Structure formats: structure tokens, C-alpha cells
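K.L.:
curious how this folds, go ahead:
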Amino acid sequence: MSTNSAGARPVAFVTGASAGIGAACVKVFAAAGWDVAAGARRLDRLQALATETTSQYPNATVLPVVCDVDRDDSVAQAFQSVGERFGRLDALVNNAGYGAYGTVAETKVEVFRANMETNYFGVLRCTQAAMPLLRAAAAKSSRRWGAAIVMVSSFVGRRALPGMGSYCATKFALEGLSEALRVELAGERISVSVVNPGLTRTEFHASAEGERPKSYLRPATGMPAETVARSVLACVRRPRRNVYLTAAGKAGIAAQWISPGFVDWVMKGQWKKERGT
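P.N.:
Numbering: from 1, shown residues only. Modelled structure (predicted):
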């Protein structure tokens, strides 16, 4: 994506930017010639990230923005700050979220509610708050897609896994939101893409609520966060509906579409081993 204003750098807002995929997105976008608003709750981490990124890419501006996606006032203030600092917003990367492990029967309703508040309603808050700036950018652009929204979701938004029903439900909700939003915004030339990483080496697993099932793949075997970040940038440049970043993810989605009963059967066997029954 480029802009019409001579010499003006496009601007992205990345949520959940203090670590992992979000932090990687800040660096990847800065390297590609973007200015970035880095949003998260931990200001000290954001400031350190901004210093590190701008030392590597001196032409980039990285704005640390305190943004708690669970709070209406925090989100509103964050996007107001972006508007005041940059006067524009060309891309929103909805990355903030956290994991939760546990069976549906044994996980408290409060955990489901809190997980949905961040992973779904947090995305909704940020998307709605970003719309005036995104619409203004799209209106000024002569390109096919004048602005972009990228959702960082997961394979489990299309095929739920046992032992993490709460998290899966939030990602299913995010997929539904994205499908509606994609159609609603097409006429305004604002694209909506969904990136579905595989297992990624981040703090996500260590900070997730509950106990991770022992049969799940070890986080250390996952892909680098930078791989996901590059896919996010690619979707801004050339929008795609859904991107699955691993062969296993692509195969799983194909199997789910062709024979969901077979996928159930495979997962039942794995879950039986997990539970020792």
C-alpha cells in the first residue's frame, strides 16, 4: 500500500505490541517504510521497543500508546493520540489477545467472559475507534484498497480443539466479525484480512490461563513471530480473506471442510490419550 501524499509515510496501529507477534509487526512495518503506533498496556515495554526499532530504522516513527483493549476509554484515547500525532491511519492490526486452557465443563464462565472481552470485544472496540481514520485514508487514496484491517486469528477459529474451548470460541467469533466487516467495508475500499498463524514462539503459551494439555506441540517448535508479521504486512499490501501459515493448518482446514467427522475421530483419539481414558 502506498499513499497519495508526496513524502508521507503510511501509518499502522498494532495492538498487543509489547511482545511476540505484535512487537514483530512493529519492526517489520518500520523496516518497510511505515510509521507505527504500538499499542499495549505495558508502556515500559513499548518505549523499549520504540527505542530499539528506531535505532534500527531511523526514518521510522514509533509511537508508544497505552491501549487496554478491554476498556472503552483507553481505546478511545489511544486512537485520539494516533490522530493527533500522525493525522492519518492506513492500517489496523488487531493482534491483542491471550490464551486460555481448560475443558468446557470445567472452565468457569468468568474465564470465558474475560477471554471474549479481550479477544473479541477488544478487537471490536479498536476497529470501531479506528474507522474514522481508516475511512479518511481510504477516501484520499487512489489505490484499489485505500486502507486495511488485519485480524490475527488462529486455525482454531475454524476448527476448535479440545482443552481450549474458551479461546477457540473467541476466534470463531472473530472470524464471523471479519466476514461481515469484509463485505460491509468493500465499497469503502477498506480491506479485511485474517492471518491464522500456526504454533508460534512467543510468550502466549507461558502467559495463557489454565494448564496447557501435555499432548499439544511444544511452543519451542513453533514458527518465529517475524514470519507471522511478514504475512500481516503482505495482507496489507495485497489483501486476502484468510491466510494459513503452515502445511498442517492448510491440511486441517481442508480435512475439516471435506470430512469434519474424520477430524472429530482423530481428535477424539488424541484427547482420549491426553485424559488417560
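
K.L.:
contacts, neighbours, all on C-alpha from now
P.N.:
OK.

K.L.:
where in the chain is pLDDT low?
P.N.:
Within the chain, the stretches with pLDDT under 70 are 1-7, 203, 205-207, 213, 215, 217, 277.

K.L.:
now the helices for it?
P.N.:
Per DSSP state H, the chain carries helices over the ranges 20-31, 43-56, 72-86, 109-116, 122-140, 165-186, 204-207, 225-237, 247-258, 260-275.

K.L.:
return the second one as CSV; C-alpha atoms alone will do.
P.N.:
By that I understand helix 43-56. C-alpha atoms of helix 43-56 as CSV (Å, rounded to 0.1, in the frame of the first residue of the first chain):
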residue,chain,number,x,y,z
LEU,A,43,4.3,1.3,28.5
ASP,A,44,7.8,0.4,29.6
ARG,A,45,8.0,-2.4,27.1
LEU,A,46,6.5,-0.2,24.3
GLN,A,47,9.1,2.5,25.0
ALA,A,48,11.9,0.0,24.8
LEU,A,49,10.5,-1.4,21.6
ALA,A,50,10.3,2.1,20.1
THR,A,51,13.9,2.9,21.0
GLU,A,52,15.1,-0.4,19.6
THR,A,53,13.1,-0.1,16.4
THR,A,54,14.0,3.5,15.6
SER,A,55,17.7,2.7,16.3
GLN,A,56,17.5,0.1,13.5
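
K.L.:
out of the helices of the chain, the one nearest residue 197 is which?
P.N.:
For residue 197, the closest of the helices of the chain is helix 225-237, at 6.3 Å, according to C-alpha to C-alpha.

K.L.:
does residue 223 touch residue 245 like I think?
P.N.:
No - the pair residue 223 and residue 245 does not pass the contact test of C-alpha atoms under 8 Å, sitting 9.2 Å apart.

K.L.:
now, of the helices of the chain, which is deepest in the fold?
P.N.:
Across these, averaging neighbours per residue (mean count of other C-alpha atoms under 10 Å) puts helix 20-31 on top, at a mean of 24.

K.L.:
quick one, which of the helices of the chain is nearest to residue 102?
P.N.:
The closest of the helices of the chain to residue 102 is helix 165-186. By C-alpha to C-alpha, the value is 7.2 Å.
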